[in-house]
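>>> Predicted model follows, preceded by the sequence.
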2 protein chains.
Amino acid sequence: MNTSAPGRGRLCVVGLGPGDDALLTEQVRASIASATDAFGYFPYVARLGGMEHLQLHASDNREELERARQALDLAAQGRQVLMLSSGDPGVFAMASAVFEVLESAASEDKARWAAVDIEVQPGITAMLAAAARLGAPLGHDFCTINLSDNLKPAAVIARRIRLAAQADFAMAFYNPCSTSRPEGFVRALTVLREECEPERLICFARNVSRPGETLKVLPLHAVTADMADMRTVVIVGNSLTRQVGKHVYTPRSYGLPAHE
Amino acid sequence: MNTSAPGRGRLCVVGLGPGDDALLTEQVRASIASATDAFGYFPYVARLGGMEHLQLHASDNREELERARQALDLAAQGRQVLMLSSGDPGVFAMASAVFEVLESAASEDKARWAAVDIEVQPGITAMLAAAARLGAPLGHDFCTINLSDNLKPAAVIARRIRLAAQADFAMAFYNPCSTSRPEGFVRALTVLREECEPERLICFARNVSRPGETLKVLPLHAVTADMADMRTVVIVGNSLTRQVGKHVYTPRSYGLPAHE
């Protein structure tokens, strides 16, 4: 099937979920089956290894914009192109990068790429896979914050965490720290300690759905900065989040007597 | 297969996604195939109609706690029980209700239910299905707010929206209004008009992935209260959310020069 399809090309930005293939949707599986090419960060492309109908185009995770340009170029030639994200492509992943490239394109690129059908297909994002393994810590209002200061100022992140804590949202933190940017989670902890009570529950979900998955739940006062790394999603409970048996959950009710 | 399984019972709280069966995960599909019983709100149970291996137990959406008790009771008898949610069970759905029942149970119920294996399996939640159809409006930090004041005071909701706007989060609103509680979205609009510029993009995704799906995107100043109903997820952009062609997206970068 690795022939250039005649006619209209397609760029399908898909979410592979957090790691276990059982968390793929059938929609994404069907898109993989009918594609001719797949672009993505090395480890995501490796998940499609052995599929002989696909040409694989792996690149580094600092090359998102160039990867999007190449994928659009190939789709403009009529090919059926996948852009791979882990989790959900719309949550700190490739979907926004594709639209950034489209918006800022030179006029000749825009003209060529106008013929491409672009579709985004959702996937199970890491925080929801982590929440399910933990119980239901995001069962009430919550927010989702990328702690990396690669693309935004650290002060913006700190202010968001402070306001989110004042609003009593539960929170999910993506990219809590990386080798090149180790300070994200340290800074977040500083704000949480100023805004939240010491017993606030903090959950660390590492390698969710993958080999070596670990779940850890402890009160804020016992948390240390080394508990989060690049493979960890951190979930911060709201003021009512609690444990029942081995599970963590946030009640649906807030500040009202329970119904029923 | 409708015999009481001997041995350990199981309660599996699963997410069916927003409507289209192609958005089911294989994990959930396998759980459906191996279950003996399925509990849930009428329309979710109806999605499993015609599966002869399943005993179906449908109930009204005001009976979540009683439904959870019945499901735990059946699982305690050794049966393989599904608790159905649409979307993701951990986002304003049945997972928290199950843990609420477990926590508040009388001691004899607790003793019986202790033998039940409880597992939560994630699904594609409505806001991420809606975001994918729109483009990538949740591609930067965002929050997720249930606008129903059934289980929390309206003042808490208004305060959360205000703080979220001040933090410049994009927002996804679930349950913007219902027949019995029509005021949620009206109140949210009041806060948004006080905190956001008139050109802020607001997206209405109705019946996502289902027959009759509609997507609507317009600036805050043109929004009217009747644009949202029970079948609508509302996505509020952040201050940088914009349109490129027919898509809506929120850039990854914020307040810093773009890299690459």
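Received, thanks. Numbering: from 1, shown residues only, chains lettered A, B, ... in the order given.
>>> only C-alpha atoms for contact and neighbour calcs from this point on.
Will do.
>>> Which residue does chain A have closest to chain B?
As assessed by Cα to the nearest Cα, chain B sits closest to residue A:143 within chain A, at 3.9 Å.
>>> Could you check how many residues crowd around that residue?
Other residues within reach of residue A:143, judged by other Cα atoms under 10 Å in any protein chain shown, total 27.
>>> in the sheet, who's paired with it?
Legend: beta-bridge partners of residue A:143 under DSSP bridges are residue A:171, residue B:143.
>>> And the pLDDT for it?
In this model, residue A:143 is scored at 98, pLDDT.
>>> swap in residue A:4?
On the pLDDT scale, residue A:4 is placed at 45.
>>> Can you tell me the element residue A:128 falls in?
helix A:126-134 (DSSP states H and E).
>>> Now look at that helix and say if it contacts chain B.
Yes - judged by Cα under 8 Å from any Cα of the partner chain, helix A:126-134 and chain B are in contact via A:128-129, A:131-133.
>>> The residue of chain A closest to chain B and residue B:172: what is the separation?
Distance from residue A:143 to residue B:172, counting by Cα to Cα, to the nearest Å: 10 Å.
>>> intersection of neighbour lists for the two?
Common neighbours of residue A:143 and residue B:172 (criterion: Cα atoms under 8 Å, 6 or more residues apart in numbering or on different chains): B:142-144.
>>> closest to chain A among these?
The shortest approach to chain A among the shared contacts of residue A:143 and residue B:172 belongs to residue B:143, at 3.9 Å (Cα to the nearest Cα).
>>> Kindly provide the distance from the closest one to residue B:36.
Counting by Cα to Cα - residue B:143 and residue B:36 are separated by 37 Å.
>>> same deal with residue A:253?
On the measure of Cα to Cα, residue A:253 and residue B:36 end up 31 Å apart.
>>> between the two, which one's more packed in?
Higher neighbour count among residue A:253 and residue B:36: residue B:36, with 23 against 20, using other Cα under 10 Å.
>>> so how far is residue B:85 from that one?
Between residue B:36 and residue B:85 the distance is 17 Å, computed by Cα to Cα.
>>> Pull out the buried residues from stretch A:197-214.
Going by neighbour count (16 or more other Cα atoms under 10 Å in any protein chain shown), the buried part of stretch A:197-214 is A:200-209.
>>> Poorly predicted segments of chain A, please.
A:1-6, A:257-260 (pLDDT under 70).
>>> Would you map out the domains in it?
Following automatic domain parsing, chain A resolves into domains at A:10-124, A:127-249.
>>> Now render those as JSON lines, adding distance to residue B:121.
Rendered in JSON lines, the data for the domains of chain A read as follows (distance: least, Cα to Cα, whole Å):
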{"stretch": "domain A:10-124", "distance to residue B:121": "9"}
{"stretch": "domain A:127-249", "distance to residue B:121": "6"}
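>>> For residue B:49, which of those domains is the nearest?
domain A:10-124 (19.8 Å; Cα to Cα).
>>> quick check, the closest one touching chain B?
Yes - Domain A:10-124 lies within reach of chain B by Cα under 8 Å from any Cα, at A:22-27, A:62-63, A:65, A:88, A:90-93, A:95-97, A:99-100, A:102-103, A:119-124.
>>> And the buried ones among those residues, selectable in PyMOL?
To isolate the buried members of the residues of domain A:10-124 next to chain B in PyMOL, using 16+ other Cα under 10 Å:
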select buried, chain A and resi 22+23+24+25+26+27+65+88+90+91+92+93+95+96+97+99+100+102+119+120+121+122+123+124
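>>> Quick one: residues contacting residue A:75.
So residue A:75 contacts A:9-11, A:81, A:113, A:116 (Cα under 8 Å, 6+ apart).
>>> who wins for most neighbours among these?
Within the contacts of residue A:75, most neighbours by other Cα under 10 Å means residue A:81, with 30 neighbours.
>>> what pairs with it across the strands?
Beta-bridge pairing of residue A:81 under DSSP bridges involves residue A:11, residue A:37.
>>> How many neighbouring residues does the residue nearest to residue A:195 when sequence neighbours are not counted have?
Leaving aside its chain neighbours, residue A:195 sits nearest to residue A:165 (6.3 Å; criterion: Cα to Cα, 6 or more residues apart in numbering or on different chains). Residues contacting residue A:165 under the criterion other Cα under 10 Å number 23.
>>> same deal with residue A:226?
For residue A:226, using other Cα under 10 Å, the count is 10.
>>> that's a strand at it, yeah?
No - per DSSP: H, G, I helix; E, B strand; the rest coil, residue A:226 lies outside any strand segment and is helix.
>>> and it, what is it in contact with?
Residues in contact with residue A:226 (Cα under 8 Å, 6+ apart): none are found.
>>> What's the separation between it and residue A:176?
Residue A:226 is 10 Å from residue A:176, by Cα to Cα.
>>> And for residue A:238?
For residue A:238, the distance to residue A:176 - Cα to Cα - is 18 Å.
>>> Just read off the phi/psi values of residue A:96.
phi -60, psi -40 (degrees, to the nearest 10).
>>> residues in contact with it?
Neighbour list for residue A:96: A:90, B:135-136, B:139, B:249-252 [criterion: Cα under 8 Å, 6+ apart].
>>> out of those, which are inside strands?
Counted as lying in strands by DSSP state E, out of the contacts of residue A:96, are B:135-136, B:249.
>>> Mind listing the residues bridging to residue A:15?
With DSSP bridges as the criterion, residue A:15 is bridged to residue A:85.
>>> That one is in contact with residue A:94, isn't it?
No - using Cα atoms under 8 Å, residue A:15 is not in contact with residue A:94, being 9.2 Å away.
>>> Between these two, which contacts overlap?
By Cα under 8 Å, 6+ apart, residue A:15 and residue A:94 have these common neighbours: A:84-85.
>>> ok, residue A:194 to residue B:207 distance?
Distance, residue A:194 to residue B:207, by Cα to Cα: 42 Å.
>>> Now do the helix or strand encompassing residue A:161 against helix B:154-166, angle only.
For residue A:161, the host element (DSSP H and E) is helix A:154-166. Angle, helix A:154-166 to helix B:154-166, by axes from the mean of the first three to the mean of the last three Cα atoms, to 10 degrees: 180 degrees.
>>> how about helix A:154-166: buried residues?
Across helix A:154-166, burial judged by 16+ other Cα under 10 Å covers A:154, A:157-165.
>>> Can I get it as CSV, trimmed to CA atoms?
Taking Å, rounded to 0.1, in the frame of the first residue of the first chain, the C-alpha atoms of helix A:154-166 are listed here in CSV:
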residue,chain,number,x,y,z
ALA,A,154,7.3,30.0,34.9
ALA,A,155,5.5,32.9,36.5
VAL,A,156,2.3,32.2,34.4
ILE,A,157,2.4,28.6,35.6
ALA,A,158,2.8,29.5,39.2
ARG,A,159,-0.1,32.0,39.0
ARG,A,160,-2.3,29.4,37.4
ILE,A,161,-1.6,26.9,40.2
ARG,A,162,-2.3,29.5,42.8
LEU,A,163,-5.6,30.6,41.3
ALA,A,164,-6.6,26.9,40.7
ALA,A,165,-5.9,26.1,44.4
GLN,A,166,-7.9,29.2,45.5
